Structure formats: structure tokens, C-alpha cells
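Colleague: please work out how this folds:
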Amino acid sequence: MPINPPAVLLIDDDRALAESLTRLLLLDGFLLEAVHTGAAGVRAALTSRYALVLLDITLPDADGRQLLRQIRTTSDIPLIMLTARGDDADRIAGLESGADDFLPKPFNPRELTARMRAVLKRQSAVAAPAGLLHAGDLTLRPSTREVAVAGRPVALTGAEFDLLACLVRLTGTVVSRDTLAETALGRPLGIFDRSVDNHMSNLRRKLGAASGGKDRIRNVRGSGYLYLGELESMQQTEEPA
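Modeller: Next up, the predicted model:
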């Protein structure tokens with residue numbers, strides 16, 4: 001059964017922020033869903049559909065700290081509080097109410113994703129996990145940046161690995177060249193920049209065809225690239241002693 005990227009719930013009445021974070025978090029392998037009132041947020045947070053909650057401290061119908069206390073009565077879901085008020089009193093109050101972390105606005109999206117990953121890592125019950133991505137006969141181990149096809153190691157450059165990991169995490173989804181460039185190369189593409197296409201050509205050559213001679217990576221003209229097939233699992237396993 002395909003495993004989707006981790007779903008994150010944003011409870012915030014700032015719709016422009018929600019739209020921006022939806023795009024930015026997708027680059028890091030998260031799917032963001034947003035609600036804009038406290039009542040809707042509590043209902044959504046308690047459905048067990050989400051890996052993590054981002055909760056604004058100031059909402060039109062509620063105080064975020066009160067909402068957090070409601071959520072904590074029945075759920076230990078990882079939660080990061082967001083606020084435009086960055087003083088120590090708000091930070092301490094949020095943490096004492098049960099938040100796992102606290103981030104004042106405005107924030108750098110990279111800092112947000114770093115904090116999200118740190119919170120999720122702390123919540124993991126498995127010591128020293130090594131994530132594995134499985135899609136057909138392809139295996140990726142992000143912790144050591146190793147790739148194998150049918151058990152055969154495949155040597156990739158750093159950029160090639162990042163491009164492949166982005167595609168595999170979003171298997172079956174067309175990912176634009178601009179998104180791939182910013183995710184894997186850390187910069188936008190120029191008008192005549194063929195870097196992503198060149199890396200994709202190398203990836204296809206190194207990985208070879210999928211079973212039955214089918215393509216692994218498809219170029220969708222005018223849109224971007226997608227990895228074909230299904231992401232079978234995103235496992236957390238322990239390294240051998």
C-alpha cells in the first residue's frame with residue numbers, strides 16, 4: 001500500500017501564510033493541510049491523520065494555548081506553536097501548555113522544517129533510526145545517502161541523490177523543474193539552464209529501466225518530472241549493531 005508524505009496540520013487564520021507554506025513544505029516532503037479557526041483545528045488535530053501540528057497562538061475565535069490544552073487532554077501529537085509575539089512569557093506559556101517547540105513569526109521556512117524534523121525525531125520510539133524509502137526494486141537510505149536497485153548499489157552524486165529522493169517521496173506526482181532545482185540544487189533555474197535535465201539523464205542511465213523495461217522517471221513536457229510506480233514504504237529501522 002503506498003505511503004504518502006507525512007501530513008502536517010496548520011491551524012492559522014493567515015491564509016497567505018498557509019498558501020506559502022503548502023508550497024514550501026512540499027519541497028521538503030511534507031503535505032500541509034490548513035484550517036483557519038480554533039474549533040476546526042481541534043477537530044482536525046484529534047483525527048490521528050497528521051504527523052505534526054503547527055498552531056498559531058492567536059486565532060479569531062480562540063487562544064492557541066487553550067486549544068493546545070484541549071488537544072493535550074486526549075492526544076500527544078507533536079505540536080509547534082507559532083506566534084507574532086516572540087517574548088519569553090508567550091514562549092514559556094506555550095511550552096508549559098504542552099507544545100513541543102515554539103517559533104515566533106516571521107520565520108525562515110528552513111528553520112521551521114528543521115524544527116519540525118527535530119520534534120518528529122524526538123518523538124520517535126526507535127533509537128538511532130535509519131529511514132528507508134522503497135519503490136519497487138529501488139531502495140534509498142537518506143541517512144547514508146545510499147541507493148540500490150534490486151540490491152545492487154548505485155553510485156550517485158549529491159545532486160542526483162537529492163533529485164531522486166524528491167521524486168521518490170512524491171512518487172506519482174509531477175514535480176516541476178523549478179521545484180527540483182530549488183530542492184536539490186539550492187537555487188532557481190536560469191532561462192537556459194539545463195542542469196535538472198542533465199542530472200535526470202544521468203539518473204536514468206545509472207538506474208536503468210524498471211521491471212518489464214518500463215521507465216522509472218518520466219519527463220512531462222512543459223511540467224516537470226515524475227517517478228512512476230508506487231512508494232511502497234517509508235520505514236524506520238535500526239542500524240545493525
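Colleague: relative to V220, how far out is L25?
Modeller: Distance from L25 to V220, counting by Cβ to Cβ, to the nearest Å: 22 Å. Backbone N, C-alpha and C define where each C-beta goes, glycine included.
Colleague: which one's more surrounded, those two?
Modeller: Counting neighbours by other Cβ atoms under 10 Å for L25 and for V220 shows that L25 has the greater number, 21 against 11.
Colleague: ok, that one - contacts?
Modeller: Contacts were defined as Cβ atoms under 8 Å, 6 or more residues apart in numbering; by that measure L25 touches 8, 31-32, 109, 113.
Colleague: doesn't it lie inside a helix?
Modeller: Yes - with the criterion set as DSSP: H, G, I helix; E, B strand; the rest coil, the secondary structure at L25 is a helix.
Colleague: which residues in this structure form strands?
Modeller: Across the chain, reading from the start of the chain, the strands by DSSP state E fall at 7-11, 31-35, 52-56, 58-59, 62-63, 79-83, 101-104, 129-135, 138-141, 146-149, 152-153, 217-220, 224-227, 233-238.
Colleague: quick one, which of these is nearest to A181?
Modeller: Judged by Cβ to Cβ, the one of those that comes nearest to A181 is strand 224-227, at 10.2 Å.
Colleague: got CSV for the strands of the chain, with distance to A210 and mean pLDDT too?
Modeller: Conversion of the strands of the chain to CSV gives the following (distance: least, Cβ to Cβ, whole Å; pLDDT from 0 to 100):
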stretch, distance to A210, mean pLDDT
strand 7-11, 28, 95
strand 31-35, 25, 93
strand 52-56, 33, 95
strand 58-59, 47, 88
strand 62-63, 50, 88
strand 79-83, 38, 89
strand 101-104, 40, 84
strand 129-135, 9, 71
strand 138-141, 8, 92
strand 146-149, 9, 94
strand 152-153, 14, 94
strand 217-220, 10, 93
strand 224-227, 10, 93
strand 233-238, 17, 52
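Colleague: now do S48: how many residues are near it, please.
Modeller: When counting by other Cβ under 10 Å, one arrives at 7 neighbours for S48.
Colleague: per-residue pLDDT, it?
Modeller: Listed pLDDT for S48 reads 75.
Colleague: quick one: contacts for it?
Modeller: Per Cβ under 8 Å, 6+ apart, neighbours of S48: 75, 77.
Colleague: which phi and psi does it have?
Modeller: Torsion angles at S48 (phi, psi; degrees, to the nearest 10) stand at phi 70, psi 20.
Colleague: mind putting the strands of the chain into JSON lines with distance to L207?
Modeller: As requested, the strands of the chain are exported to JSON lines (distance: least, Cβ to Cβ, whole Å):
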{"stretch": "strand 7-11", "distance to L207": "29"}
{"stretch": "strand 31-35", "distance to L207": "26"}
{"stretch": "strand 52-56", "distance to L207": "32"}
{"stretch": "strand 58-59", "distance to L207": "47"}
{"stretch": "strand 62-63", "distance to L207": "50"}
{"stretch": "strand 79-83", "distance to L207": "36"}
{"stretch": "strand 101-104", "distance to L207": "38"}
{"stretch": "strand 129-135", "distance to L207": "11"}
{"stretch": "strand 138-141", "distance to L207": "7"}
{"stretch": "strand 146-149", "distance to L207": "6"}
{"stretch": "strand 152-153", "distance to L207": "10"}
{"stretch": "strand 217-220", "distance to L207": "8"}
{"stretch": "strand 224-227", "distance to L207": "10"}
{"stretch": "strand 233-238", "distance to L207": "19"}
